[in-house]
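Colleague: A structural model of the following input is requested.
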Amino acid sequence: MRNNSFIKKHQTVILLFLSILVGLLVMRYILSDVGRVPKSDYKMLKNMSVEVQHEDGSVDNFQSYLFNFSSRKDHITMHLPLESEWKAEYQTINFFFYNSVVKAYYKDQLLVSYGENLKRHMIGHLKISIPVPLEAYGDEIRVEIDPQLDILEDNFDIPILMSRGTEFYYPMISQETTYPIFVMTLIGSFIGIIIFAFFFKTHVYASEGMWLFSLVFAITLWHLGNTGLAYLLFPREDLSAVCEYVGMYLLLPTAPLYASYETSRKVVREYLRVVGTIFLAFFLLCLILYIFPTGFQYTGHLRLVQTAQIVMVFSSMASLLFPGKKIKNNSDYILGYGLVFVAIFGILEQVRIILAGSITEKWPGFLQSFVTTGFSKILILLLIIVFITSYVFKVILIAQAGIEEKHLKYLAYTDRLTGLGNRQYLQDQLEVLDHSKKKDYAAIFMDINDLKLTNDLYGHESGDRLIQMVAEAIQDAMAEVEGFSGRNGGDEFVCIVFPASAVFEVENKIKEYLRNTKEKQNPPFPVSISMGSASYREVAEKLPMEKREHLTVSHVIRQADGKMYDDKYRMKKSRDQEISF
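Modeller: Next comes the predicted model:
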């Protein structure tokens, strides 16, 4: 019973996640089938050997791509054998290596060199592409590597032999599915940032949305740079490397600023916003220093930034997992349950990264498989899905609340019988008019004649119909002019017309509409109204100068009310004369 109630309570969330999962699986199947780089276009050079020579002269030997080193003073030599049957013109060996000087040789002939004269862009994944001479087939290519870091940042991937015409697609191999997803996410999040920034000050959900899409943009940009996929977007080394670090630095402010909108704890919210603002200023400063020729490098304090990133991400995740909300909605449940899975994959990815620089071919097979598993792709995709779906549900809830508020406001300000504004609506609008200091307007005060007689002789249904007929006449007359109208109560109606010169047109239209309605419907009860009008300037001219500044719309309506009674008196007198005659 408990399980059934849980499923019923969270049915929407469960169905949402299932539909997203099915959609991703279908997309993976389509993209992996249509967009996959054909296996016939490349060969994976698994039969490689590696020698790592340490500073003390000792050498570690490895017979696969799973190797490690322990110091930037180590010297790495990779031997990449090439079989004779692979012989073909214009082929290259491709792989990524992190922040190192890489030189490739055939025998003693230098084929290519990377990492010696890089621009000031920063550390990053070097995309190595070694041209293979024809005489090297049946022999080997030797690669000499001098690392610039003390540890291997991540596991080394298998080098791949491709033709020069297809080597551009090397970064996409085994990532054919995720690459288009991440590119679409990058473009979509950038567009989202622009849209929400435009509405930042006008919509309650826009500020949170802007920081959310900035966070998604930062994560996606970092992943594209970190995995080398950015080379498909920006073939230049400096731009590709910049992606990774811009994403990393942008993650510092966006994570806490977004999380600050999801917590109910005041102290936590203020902490996240203050820290996020400081890191936003830091990010903008670094970006400006990098753009201008100052010699600034993102990697100058890389470890410090990475430490700050871990602290910020942990703080943000903790505030999102424990927001302190007493009443939760679907948005909160999506965020809560989703982040549990995100945290699991995040822990797996951190463990993988820690072990990646240590696991070699000498370790058990399951650990070798573990460090080559792409938990980060699952982690980031899941994170993006959780954040965006949670936000969508939150916006839906805000929209529903707004609709309900408008409906309640409509009920509070609308006369149910006529559909016109009620007395409260009129009072609020008149107060707004007084504060606006507008002067070019006129007021019309109307009263239904013989409403009590109609109620007594023909019933209250007829009386209600008479009120509705007058209201319809007012709505029709006011449709093409600026102003507002409402039922003041009982048989009284008020119209405010801009400009004052349009008041006579409105009065005539009301009378004409009632005459036409009476002729068409031929009701058994009398249909007539008394009305009077007055303009602001008309009333002001009758007052001394010192009193004009205190003139309000109430004075104008009172003047119109007096004229309405004059009109009613004339109509009654005329009718009495007709009866007497």
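Colleague: in the helix ranked longest in the chain, which residues are buried?
Modeller: Across the chain, the longest stretch assigned as helix under DSSP state H is helix 375-413. Residues of helix 375-413 classed as buried: 375-391, 393-395, 413 (neighbour count, 16 or more other CB atoms under 10 Å). Just so you know, the C-beta spots here come from the backbone N, C-alpha and C atoms, and that holds for glycine as well.
Colleague: now the strand or helix carrying Met564, how far from the chain's geometric center?
Modeller: Element membership of Met564, judged by DSSP states H and E, is helix 553-580. Here helix 553-580 is found 60 Å from its chain centre; the criterion is CA atoms, centre = their mean, to the nearest Å.
Colleague: and it, what does it pack onto?
Modeller: If you count contacts as 3 or more CB pairs under 8 Å, 6 or more residues apart in numbering; DSSP states H and E, helix 553-580 packs onto helix 423-436, strand 442-448, strand 529-535, helix 536-541.
Colleague: how about a markdown table for these, with mean pLDDT added?
Modeller: What follows is those, written out as a markdown table (pLDDT from 0 to 100):
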| stretch | mean pLDDT |
| --- | --- |
| helix 423-436 | 89 |
| strand 442-448 | 92 |
| strand 529-535 | 90 |
| helix 536-541 | 87 |
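Colleague: can you tell me the centre-most residue of this protein?
Modeller: Gly209 (3.8 Å; CA atoms, centre = their mean).
Colleague: looking at it, Ile219 is touching Leu381, isn't it?
Modeller: No: using CB atoms under 8 Å, Ile219 is not in contact with Leu381; the gap is 10.1 Å.
Colleague: all helices of the stretch 1-150 of the chain, in order?
Modeller: Applying DSSP state H, counting those that start in this stretch to the stretch 1-150 of the chain gives helices spanning 2-9, 11-34.
Colleague: weakest of the ones you listed by average pLDDT?
Modeller: Among the helices of the stretch 1-150 of the chain, helix 2-9 has the lowest mean pLDDT, at a mean of 55.
Colleague: and the gap between Thr389 and Ser19?
Modeller: Distance from Thr389 to Ser19, counting by CB to CB, to the nearest Å: 10 Å.
Colleague: who touches both of these two?
Modeller: By CB atoms under 8 Å, 6 or more residues apart in numbering, Thr389 and Ser19 have no common neighbours.
Colleague: what segments of the stretch 51-200 of the chain are strands?
Modeller: Along the stretch 51-200 of the chain, counting by DSSP state E, counting those that start in this stretch, strands occupy 59-62, 75-81, 91-98, 100-106, 109-114, 125-132, 140-147, 160-163.
Colleague: give me the distance between Gly313 and Val26.
Modeller: For the record, residue 313 is Val, not Gly. Val313 is 31 Å from Val26, where distance means CB to CB.
Colleague: of those two, who's got more company?
Modeller: Using other CB atoms under 10 Å as the criterion, Val313 and Val26 rank with Val313 on top: 16 against 10.
Colleague: the more buried one: which element?
Modeller: Short version: Val313 belongs to helix 302-321, going by DSSP H and E.
Colleague: tell me the angle of that helix relative to helix 375-413?
Modeller: 40 degrees (axes from the mean of the first three to the mean of the last three CA atoms, to 10 degrees).
Colleague: which strands or helices does helix 302-321 pack on?
Modeller: Against helix 302-321 (3+ CB pairs under 8 Å, 6+ apart) you get helix 237-259, helix 266-291, helix 330-356.
Colleague: what are the buried residues along the first one?
Modeller: The one in question is helix 237-259. Along helix 237-259, these residues count as buried under the neighbour rule (16+ other CB under 10 Å): 237, 240-259.
Colleague: mind pulling up the pLDDT for the residue nearest to Ser163 when sequence neighbours are not counted?
Modeller: Counting by CB to CB, 6 or more residues apart in numbering, Gln91 is the residue found nearest to Ser163 once chain neighbours are left out, at 5.4 Å. For Gln91, the model assigns a pLDDT of 91.
Colleague: shouldn't Gln91 be in contact with Val132?
Modeller: Yes: between Gln91 and Val132 there is a contact at 4.8 Å, judged by CB under 8 Å.
Colleague: so what sits against both of these two?
Modeller: What both Gln91 and Val132 touch, as defined by CB under 8 Å, 6+ apart, is the set Leu161.
Colleague: look up phi and psi at Asp440.
Modeller: Per-residue torsions, Asp440: phi -90, psi 70 (degrees, to the nearest 10).
Colleague: next, count neighbours for it.
Modeller: Asp440 sits with 12 neighbouring residues when counted by other CB under 10 Å.
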